[in-house]
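Chemist: Provide a 3D model corresponding to the input given below.
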Amino acid sequence: MRAVLDTNVLVYDTFEDSIFHVEARRLLDSLDAWVIPIIVLYEYVWLMRGLDVDLADVVEKVWEYAWDHRARVVSGGREAVRWALAILREEGRPLSRFNDKVVLAVAQSEDLPIASFDERLRRQAKRLGLEVLP
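Modeler: Residues are numbered from 1 along each chain as shown. As a prediction, this is how the structure comes out:
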């Protein structure tokens, strides 16, 4: 099985004391392929910076995820950006939701489930007819 990964899957997998650590690890281990939108890696790095995680540790984790044999890092391209902005405008949502919309756009264009623990993103994905994991 393949899935588009949301940032929180990587974050929960990273921190062993996180609430969904075991579930995130199991989810990643269960997937044959991870589609990682580049914006997810950016979010991950920004979050680690905000938590004052050492640069060497962040580099190691990004390499671990992005260069895993199951990983395919994708941009989504202009179409993902166009779709995300159009949906934000249509729904009257703030720009702070842009990253989630890009992840949705990638999942929709790849016709893949979204792996996320974010309830808001899970609901949005279901409204679009996308499968959500776990």
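
Chemist: Need the contact partners of the helix ranked longest in the chain.
Modeler: Longest helix of the chain, by residue count under DSSP state H: helix 77-91. The contact list for helix 77-91 (C-beta atoms under 8 Å, 6 or more residues apart in numbering) reads 37, 93-95, 97-98, 101-102, 104-106, 108-109. Bear in mind the C-beta positions are built from the backbone N, C-alpha and C, glycine included.

Chemist: Between those, which sits nearest residue 125?
Modeler: When the contacts of helix 77-91 are compared for distance to residue 125 (C-beta to C-beta), residue 104 wins out at 6.2 Å.

Chemist: Secondary structure element for the closest one, which one?
Modeler: In the assignment (DSSP states H and E), residue 104 maps to helix 98-110.

Chemist: Counting neighbours, what do you get for residue 41?
Modeler: Residues lying near residue 41 (other C-beta atoms under 10 Å) number 18.

Chemist: Also the one 4 residues further on?
Modeler: Summarising burial for residue 45: neighbours were counted as other C-beta under 10 Å, giving 17.

Chemist: Quickly list what the residue lying closest to residue 107 once chain neighbours are set aside is bridged to.
Modeler: Nearest residue to residue 107, sequence neighbours excluded (C-beta to C-beta, 6 or more residues apart in numbering): residue 4, at 4.2 Å. Beta bridges link residue 4 to residue 35, residue 114 when assigned by DSSP bridges.

Chemist: Residue 4 and residue 56: what is the separation?
Modeler: Going from residue 4 to residue 56 by C-beta to C-beta, to the nearest Å gives 28 Å.

Chemist: ok, the two, which is more surrounded?
Modeler: Between residue 4 and residue 56, counting by other C-beta under 10 Å, residue 4 is the more crowded of the two (30 against 8).
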